[in-house]
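Q: The following block contains a protein sequence and its predicted model.
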2 protein chains.
Amino acid sequence: MAKMLMIDNLQYSNWNQEIFEQMHYGGLCAVHVTIAYHENCHETLINIGAWNRLFQQHADLIMPVRTAADIELAYTENKIGIIFGFQNCSPIENNVDLVEIFHQLGVRIMQLTYNKQSLLGAGCYENTDSGISSFGKVVIEEMNRVGMVIDMSHSGETSTLQAIEISQRPICISHANPNFFAPVKRNKSRRVLSALAESGGLLGFSLYPLHLKNGPNCTLEQFCNMVADTVELMGIEYVGMGSDLCLNQPSSVLEWMRNGRWFKQIHNDETASSNAAWPDSLTWFNNSSDFPNIASGLQKKGFNDQEVEKIMGRNWLRFFEQSF
Amino acid sequence: MAKMLMIDNLQYSNWNQEIFEQMHYGGLCAVHVTIAYHENCHETLINIGAWNRLFQQHADLIMPVRTAADIELAYTENKIGIIFGFQNCSPIENNVDLVEIFHQLGVRIMQLTYNKQSLLGAGCYENTDSGISSFGKVVIEEMNRVGMVIDMSHSGETSTLQAIEISQRPICISHANPNFFAPVKRNKSRRVLSALAESGGLLGFSLYPLHLKNGPNCTLEQFCNMVADTVELMGIEYVGMGSDLCLNQPSSVLEWMRNGRWFKQIHNDETASSNAAWPDSLTWFNNSSDFPNIASGLQKKGFNDQEVEKIMGRNWLRFFEQSF
């Protein structure tokens, strides 16, 4: 297969050289990495400090992304551009000024909520979705102003539809699938996906087994059929990849992601059994080095080279050009 | 007088439009503003957030400085470039990674100590000056790496001499005077000033009355004589201005500067009587609009136009070109 521009719009691994080499081997030129789930402002600075060290230590493999042009530079130089993102708004605490400050530190994507109620809106596992809060509206306006992408992957339906409506720029759902493919609360309705595409926003397809039909037994063919069905709904321009890869993480991290500091006892979400454990991985997608498998699967499904490259990366690049 | 590039390398005012207009009227193209004295990391982010708002609100008058080229741009556009600085190392707490993070947020100058012992070294009012600490050496190396200027204005003599020795880049004393002019502990010895100049570092002359001979009664002629004497000691290339203007601040801020959170009772330093009160101001230097008075005084003292401009700003510009 000819060289192709490929972007993965969500990973949260316990980063090390091997993982960066897998990205390189798989041909990715940019990865959106989660740098905070439930961390407060100061804890997030610690995480950014750790990333600044990684940039120094692995300068041959990775580089920070501030603009879409940085992604093209990474593509040219065979490096992986790293895009910082938050899966929750906890780092900005209750202070709208922290949006610009984190933007200055390189953060380009923020989920307004992670599963539960946040100061900005409601998560997909909250009982009542009250929509975007007053503070949420202010934060959306500020994110629009500075160029930070609104991500509603873990948000509730009402909050998501309102965010699409309120935001002056297209938003994204970086990692989720249509719920017609796998009917879990984390996946998205036709209504949300249509509104997203109509507003110029993008969906990133998740490869997390619990977001897929048949879980870890989902086949590449089934996955590519889902992509085709979604393209029919949203249009070829409005989809991309958002693998949700979580590599080299102990189950304690899964507990942290799911429970934050909300509960006194361990809770698990709909996708998990009573014990926090990572699902088995897909046979055809084990880590970043397997991205070419997806591209091949899409070709087999009937997408032409240009269409495959749009899905694998060009759509995100265009979206980031308009967003950062 | 022809237009001249003028830089003030320290102010800490309660900023408002009037103060920015005084800078503009006085012909300044850059001002080093203090954004933290005793603030911790998070409190400093709040201060940066407040400055980001000022940049939005007063975009016609001020702009942020990240590089020396930004200062030249401000000069060309008749704006005032704002350079962020810390008067103490409290914002980086005990975390060397925060040096780069604050550099990313625009901080370009940091004092290693403010009057007392810090994690990095000793202040000029500390009983025992133990010099630069182990952590101090690591922080100096990191400041050298990222391009953040080491400022020893409020440091003790041993710490200052060691910082000059350890730093791979020239350092500065942004706001102080020679102690042969006014023998207060905050002013600097011939030994320090010579070592500073020999290493390529700069001294900024303070206009804070308590750093001057005869306090508020110091005349412009006496001030300019001091400049001439210092130029004889250090060389014309190694001096500049660092007014230490503190405008529109209540005495509670003076107490905060002097006492931080160190004491349970209010302490005042050597320069103050028992009550914290701002000194009377100089008749010939009341605020930034009076900088041309200094330039005139220096001309009268016998400096030619080129020399006056070096002292008033060009030396700092050259220093910042090498430092940021």
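A: Great, that's in hand.
Q: What lies in contact with the longest helix seen in chain A?
A: The longest helix of chain A (DSSP state H) is helix A:41-57. Applying C-beta atoms under 8 Å, 6 or more residues apart in numbering or on different chains, the contact partners of helix A:41-57 are A:15, A:33, A:35-36, A:39, A:62-64, A:82, A:84, A:86, A:91-93, A:95, A:98, A:102, A:105-106, B:41-42, B:45, B:95, B:97-98, B:100-101. Quick note: C-beta positions are derived from backbone N, CA and C, even for glycine.
Q: Looking at the residues you listed, which are in helices?
A: Those of these lying in helices (DSSP H): A:98, A:102, B:41, B:42, B:45, B:97, B:98, B:100, B:101.
Q: between the residues you listed, which is nearest residue A:309?
A: Proximity of those to residue A:309 (C-beta to C-beta) peaks at residue A:102, which lies at 31.0 Å.
Q: and the closest residue to the closest one other than its chain neighbours, what does it touch?
A: Nearest non-adjacent residue to residue A:102, counting by C-beta to C-beta, 6 or more residues apart in numbering or on different chains: residue A:91, 6.2 Å away. By C-beta under 8 Å, 6+ apart, residue A:91 lies in contact with A:36, A:39, A:40, A:41, A:43, A:44, A:98, A:102, A:107.
Q: Up against chain B, what does chain A have?
A: A:41-42, A:45-46, A:48-50, A:52-53, A:95, A:97-98, A:100-101, A:104-106 (C-beta under 8 Å from any C-beta of the partner chain).
Q: again, only using 7 Å
A: Applying C-beta under 7 Å from any C-beta of the partner chain, we find that chain A lies next to chain B at A:41-42, A:45, A:48-49, A:52, A:95, A:97-98, A:100-101, A:104-105.
Q: Just put those residues in CSV and tack on pLDDT and neighbour count.
A: Supplementary listing: the residues of chain A next to chain B in CSV, determined by pLDDT from 0 to 100; neighbours: other C-beta atoms under 10 Å in any protein chain shown:
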residue, pLDDT, neighbour count
A:41, 96, 19
A:42, 95, 16
A:45, 97, 26
A:48, 97, 22
A:49, 96, 17
A:52, 97, 20
A:95, 94, 16
A:97, 95, 18
A:98, 96, 24
A:100, 97, 23
A:101, 97, 23
A:104, 98, 17
A:105, 98, 25
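Q: So which of those residues is the closest to residue A:77?
A: residue A:52 (19.5 Å).
Q: Not including adjacent chain positions, what is the nearest residue to residue A:109?
A: residue A:85 (3.6 Å).
Q: Among the residues of chain A next to chain B, which one lies nearest to residue B:204?
A: Using C-beta to C-beta, the residues of chain A next to chain B come closest to residue B:204 at residue A:104, 27.1 Å.
Q: What separation is there between residue A:5 and residue A:27?
A: 9 Å (C-beta to C-beta, to the nearest Å).
Q: Actually, residue A:120.
A: Residue A:120 is 35 Å from residue A:27, by C-beta to C-beta.
Q: can you map out the strands along the stretch 151-300 of chain A?
A: For the stretch 151-300 of chain A, strands defined by DSSP state E, counting those that start in this stretch occupy the ranges A:172-176, A:202-205, A:239-241.
Q: Just say which of those strands is most tucked in.
A: Ranked by mean neighbour count under mean count of other C-beta atoms under 10 Å in any protein chain shown, these are led by strand A:172-176, which reaches a mean of 29.
Q: pLDDT of that strand, averaged?
A: Taken as a whole, strand A:172-176 has an average pLDDT of 98.
Q: Please compute how far it lies from its chain's middle.
A: 5 Å (C-alpha atoms, centre = their mean, to the nearest Å).
Q: tell me the angle of the longest helix of chain A relative to helix B:41-57?
A: 90 degrees (axes from the mean of the first three to the mean of the last three C-alpha atoms, to 10 degrees).
Q: Helix A:41-57 versus helix B:97-104: what angle between them?
A: Using the same axes, to 10 degrees: helix A:41-57 against helix B:97-104 is 90 degrees.
Q: quick one: helix A:41-57 to chain centroid distance?
A: 19 Å.
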